[in-house]
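Visitor: Sharing a model prediction with you, sequence too.
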Amino acid sequence: MKRFGLIGRPLGHSYSAEYFSDKFAREHIAGCYDLFELPSIDDLNSLPDDICGFNVTIPYKREIMPLLNEISEEARAVGAVNCVVCRNGRRIGYNTDVIGVRSTLDTLLADAASPVKALLLGTGGASRAVRYVLGERNIEFATVSRNPSGGELSYEGLSPETIAEYRLIVNATPSGMYPHIEEAPQLPYEALTEGHYLFDLIYNPPVTRFLRYGLSAGAHIANGERMFVGQAEASWRIWNAD
């Protein structure tokens, strides 16, 4: 039986176990996918010895990198790992988040009338995947952080004029994720318009408070479901490659 899993903390929001259980059934493969809520990345060696691969989520996408035997070129360029394959006693890291981000932006921005500038909320591992894809597309962006440094913007410093300038806003923070569904990043939402595009990497709940503000303004929105599926399917291909 093939064994896979997810490491992170907390994991109560995750649909990964259900998704891959259905995947095993559809593919007629004997396997399991478990959630491993590790108190610390130092507990990585507590994973079962027979695990074939695992996904990585908040807050370990960057912390895991020094503990791997090998990292793909793209994951190293991104600066974060969300997929690990275990082969011959070695752990090899990849970033499949970028695949899901590309797919989501393709759909969300398909009818954008002109080039947009992006406001990227958050500086964690998921944010790095978004930053990488924005760079691929030559989309100018600014990053917003709770603890700004090196040119980052602060939430307190965001103004309606800032929101008017950046028509693509990406939430790469856990704000609004289940069970904290009434939370939302601190923004001047009254400045949103029909010309804005909001992408929330969260998929649980499907429509976060952040996205509800966008809907109220008539903005284009996308949640994290397409990204979740894209990265999951890419992980599956990596784990099962010959």
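Guide: Yes, it's here. Everything numeric here is computed off the predicted structure, so don't read it as measured data.
Visitor: Please count neighbours and contacts with C-alpha atoms only from this point.
Guide: Fine.
Visitor: which residues sit against the least confident helix or strand in the chain by mean pLDDT?
Guide: Taking mean pLDDT, DSSP states H and E as the measure, the chain has helix 16-27 as its least confident helix or strand, at a mean of 94. Contact with helix 16-27 is made by 5, 6, 30, 31, 32, 33, 34, 35, as judged by Cα atoms under 8 Å, 6 or more residues apart in numbering.
Visitor: swap the cut-off to 10 Å and go again
Guide: Applying Cα atoms under 10 Å, 6 or more residues apart in numbering, the contact partners of helix 16-27 are 2, 4-6, 28-35, 55, 228-229, 232-233, 236.
Visitor: Can you name the element that comes right after it?
Guide: On the C-terminal side of helix 16-27, the closest following helix or strand by DSSP states H and E is strand 31-37.
Visitor: Check whether residue 206 really touches residue 200, as I assumed.
Guide: Yes. Applying Cα atoms under 10 Å as the test, residue 206 and residue 200 come out as touching, 9.4 Å apart.
Visitor: out of those two, which sits in the busier spot?
Guide: Between residue 206 and residue 200, counted using other Cα atoms under 10 Å, residue 200 has the larger neighbour count: 27 against 15.
Visitor: so residue 3 sits in a helix?
Guide: No. Using DSSP: H, G, I helix; E, B strand; the rest coil, the assignment for residue 3 is strand, not a helix.
Visitor: tally of neighbours for it?
Guide: By the criterion of other Cα under 10 Å, residue 3 has 16 neighbours.
Visitor: contacting residues around residue 8?
Guide: Residues in contact with residue 8 (Cα under 10 Å, 6+ apart) are 14, 35-41, 55-61.
Visitor: Filter these down to the buried ones.
Guide: 14, 35, 36, 38, 41, 55, 56, 57, 58, 59, 60, 61 (16 or more other Cα atoms under 10 Å).
Visitor: domain parsing for the protein?
Guide: Split into domains by automatic domain parsing, the chain comes to 2-95, 98-226.
Visitor: Between the two ends of stretch 109-123, what distance do you get?
Guide: When the termini of stretch 109-123 are compared using Cα to Cα, to the nearest Å, they are 22 Å apart.
Visitor: So for it, mean pLDDT?
Guide: The predicted model gives stretch 109-123 an average pLDDT of 91.
Visitor: Tell me the buried residues in that stretch?
Guide: For stretch 109-123, by 16+ other Cα under 10 Å, it's 109, 116, 117, 118, 119, 120, 121, 122, 123.
Visitor: any chance of the residues you listed in TSV, with distance to residue 190 too?
Guide: TSV is the format used below for those (distance: Cα to Cα, whole Å):
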residue	distance to residue 190
109	22
116	19
117	19
118	18
119	16
120	18
121	17
122	21
123	24
